[in-house]
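1. Pasting the sequence and the predicted coordinates here, then a few questions.
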Amino acid sequence: MADAPLIDLELITPEATLLAATPEMVVVPGSEGEFGVLRDHAPILSALRPGTVQVHPTFDAEPECYFVTGGFSEAGPEHCLILADEAVPVSEIDTAEADQAVADAEAALREVENSPDEAARDRAEQALEVATARRAAAG
Amino acid sequence: MSSLKELRTRISSVRSTRKITQAMKMVAASKLRRAQERAERARPYAAGMEAMVARLAGTVAPEDAPPLLAGTGRNQACLLLVITADRGLCGAFNSGVVRAARRKIAALAEDSIEAKIFCVGRKGYDLLRRTHGQRIVGHRQLPPGRDLPFAEAEAVAAEILGLFADDGFDTCTMHYNRFRSAMSQVVTETQIIPRTAPESDEPAAEPDAGALHEFEPGEDELLADLLPRNLAVQIHGAFLESAAGEQGARMTAMENATRNAGDMIGRLELSYNRQRQAAITKELIEIISGSEAL
């Protein structure tokens, strides 16, 4: 596949560049819904929701999956840049730990559910959303 | 003239001081390498974030821009974010930043702008507290250990944004040591609120000619998300630069101290040997003149 239409993908967190590759397709969990990026994608700038970035080296190959907690993504005709708040390869997520995180987040949310502090409620809800998505990503 | 015994104790004490400074230099050198790597790893994220913000900022009409981008339209109070180290023994590293901050405060006072200070790092807080205690609105120590987690920068950014939302200040500048090389750190002042395009060494990326981006969600929501995030990224970058600079400054300072200790040992040993020789000569003369008298 010498002439495969590849895209330059970079997956970057504040601490390090996690991945720089040239896959054929990337599926990005945008805040308004997942979107796939192929070559010649229209320029888009999107926020991310907690979810899985799927990197397909070729169309029919099994994707490499990375869980991201949120962030931003920019895609253009030739490149796709993902700035993740935090990112881990899905294979490194421990299922039991992820379960525990969901339980903890649920408990934390119940605690502040009736509190008047709206910011604390929002934070707890967000934490739960991240934990749930993480659990889902772990499979 | 001190006695031989005094000189001996003196020499051995300077020797052990030299050992300590030498060890500290080695430790700083190895920490420096790690700190430098970390600072470099963080750079792509900061660059990507900056590019996104720049792209978005270009699409928003100036009158709709949020205050973080366009400013509050006033200039009555300025917050100085002063980033120093928690520990000393690193030459002029901390005092350089503090001096720059003091100059800035004086300059602001001339324009009758109120200055407020937010300190990160214990040394800067200690130094500024004495002269400008009433201006300090907050301070924070970085956690010990070699990691500077991003969450730490986020926490500082959140506090600053909280103050901003309460109309605590109109502009915010950040004072820190930028790491240039192991031997030199540059005291840098960067305005972070309202946003200014950073002066970078590389030429700015060319704007994509006519590339119209789609935005998800809308521009305004994205900007509202991105700007605070970008602030945290900038602060984190400054932390990392400052951490690398601190180790570089300490390495240089300790190297100088080691050299000075070596010089001092040389001088002390010279005067010790002279005195010892003088004592021997004196004894010999006494013996000879004693035997001649017989």
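-> Thanks, I have it. Numbering: from 1, shown residues only, chains lettered A, B, ... in the order given.

2. For the one helix or strand residue B:126 maps to, which residues meet the burial criterion?
-> Element membership of residue B:126, judged by DSSP states H and E, is helix B:122-132. Neighbour-count burial for helix B:122-132, counted by 16 or more other Cβ atoms under 10 Å in any protein chain shown, picks out B:122-128, B:132. C-beta: built from backbone N, CA, C; applies to glycine.

3. before we move on, what about stretch A:95-114?
-> Going by 16+ other Cβ under 10 Å, stretch A:95-114 has these buried residues: A:98, A:101-102, A:105, A:108-109, A:112.

4. Please render these as JSON lines that adds distance to chain B and pLDDT to the earlier fields.
-> Listed next are the buried residues of stretch A:95-114 as JSON lines, based on distance: Cβ to the nearest Cβ, whole Å; pLDDT from 0 to 100:
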{"residue": "A:98", "distance to chain B": "20", "pLDDT": "88"}
{"residue": "A:101", "distance to chain B": "16", "pLDDT": "89"}
{"residue": "A:102", "distance to chain B": "21", "pLDDT": "90"}
{"residue": "A:105", "distance to chain B": "17", "pLDDT": "90"}
{"residue": "A:108", "distance to chain B": "17", "pLDDT": "88"}
{"residue": "A:109", "distance to chain B": "20", "pLDDT": "88"}
{"residue": "A:112", "distance to chain B": "18", "pLDDT": "85"}
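
5. Identify the residue nearest residue A:48 in space, chain neighbours excluded?
-> Distances taken as Cβ to Cβ, 6 or more residues apart in numbering or on different chains place residue A:71 nearest to residue A:48, at 4.7 Å, with adjacent residues excluded.

6. Flag every residue of chain A that's near chain B.
-> By Cβ under 8 Å from any Cβ of the partner chain, the residues of chain A that approach chain B are A:10, A:12-17, A:30-32, A:42-47, A:72, A:74, A:76, A:81, A:83.

7. can you pull out the helices in the stretch 101-250 of chain B?
-> Remark: helices assigned in the stretch 101-250 of chain B by DSSP state H, counting those that start in this stretch are B:122-132, B:150-165, B:219-293.

8. got it, and chain A?
-> In chain A, the helices defined using DSSP state H lie at A:95-112, A:118-138.

9. what's the shortest one in contact with?
-> Right, helix A:95-112. Residues outside helix A:95-112 that contact it (Cβ atoms under 8 Å, 6 or more residues apart in numbering or on different chains) are A:120-121, A:124-125, A:127-128, A:130-132, A:134-135, A:138-139.

10. Same check on stretch B:47-58?
-> Stretch B:47-58 is contacted from outside by A:10, A:12, A:45, A:72, A:74, A:81, A:83, B:65, B:69, B:195, B:197-198, B:205, B:207, B:213, B:215, B:219, B:222-223, B:226-227, B:229-230, B:233, using Cβ under 8 Å, 6+ apart.

11. In PyMOL, how would I select the buried members of these?
-> Filtering the contacts of stretch B:47-58 down to the buried ones (16+ other Cβ under 10 Å) takes a single PyMOL command:
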select buried, (chain A and resi 10+12+45+72+74+81+83) or (chain B and resi 65+69+195+213+215+219+222+223+226+227+229+230+233)
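
12. that older thread, which of the buried residues of helix B:122-132 sits closest to residue B:24?
-> Distances from residue B:24 to the buried residues of helix B:122-132, taken as Cβ to Cβ, are shortest for residue B:123 (16.4 Å).

13. Excluding chain neighbours, what is closest to the closest one?
-> Using Cβ to Cβ, 6+ apart, the closest residue to residue B:123 is residue B:94 (4.1 Å).

14. Secondary structure element holding the one you found?
-> Per DSSP H and E: helix B:93-110 holds residue B:94.

15. pLDDT score for the residue of chain A most remote from its centre?
-> Distance from the centre of chain A peaks at residue A:116, with 31.1 Å (Cα atoms, centre = their mean). With respect to pLDDT, residue A:116 scores 80.

16. Likewise for residue B:146?
-> Value for residue B:146, per-residue pLDDT: 65.

17. residue contacts, residue 114?
-> Assuming you mean chain A. Contacts of residue A:114 by Cβ under 8 Å, 6+ apart: none found.

18. Chain B, not that one
-> Counting by Cβ under 8 Å, 6+ apart, residue B:114 has contacts B:76-78, B:108, B:169.

19. quick one: buried residues of the helix holding residue B:94?
-> Applying 16+ other Cβ under 10 Å to helix B:93-110 flags B:93-98, B:100-102, B:104-105, B:108 as buried.

20. where does the stretch 151-294 of chain B have low pLDDT?
-> For the stretch 151-294 of chain B, applying pLDDT under 70 flags the ranges B:197-212.

21. what residues does it put near chain A?
-> So the stretch 151-294 of chain B meets chain A at B:208, B:211-217, B:221-222, B:225-226, B:229, B:233, B:236 (Cβ under 8 Å from any Cβ).

22. who does the most centrally placed residue in chain A bridge with?
-> Central residue of chain A (Cα atoms, centre = their mean): residue A:68, 3.0 Å from the mean position. Beta bridges link residue A:68 to residue A:51, residue A:87, judged by DSSP bridges.

23. Where do the domain boundaries of chain A fall?
-> A:8-90, A:93-138 (automatic domain parsing).

24. And those domains, which one averages the lowest pLDDT?
-> Across the domains of chain A, domain A:93-138 gives the lowest mean pLDDT, at a mean of 86.

25. what about it, how long is it end to end?
-> 6 Å (Cα to Cα, to the nearest Å).

26. distance between that domain and the chain's centre?
-> 17 Å (Cα atoms, centre = their mean, to the nearest Å).
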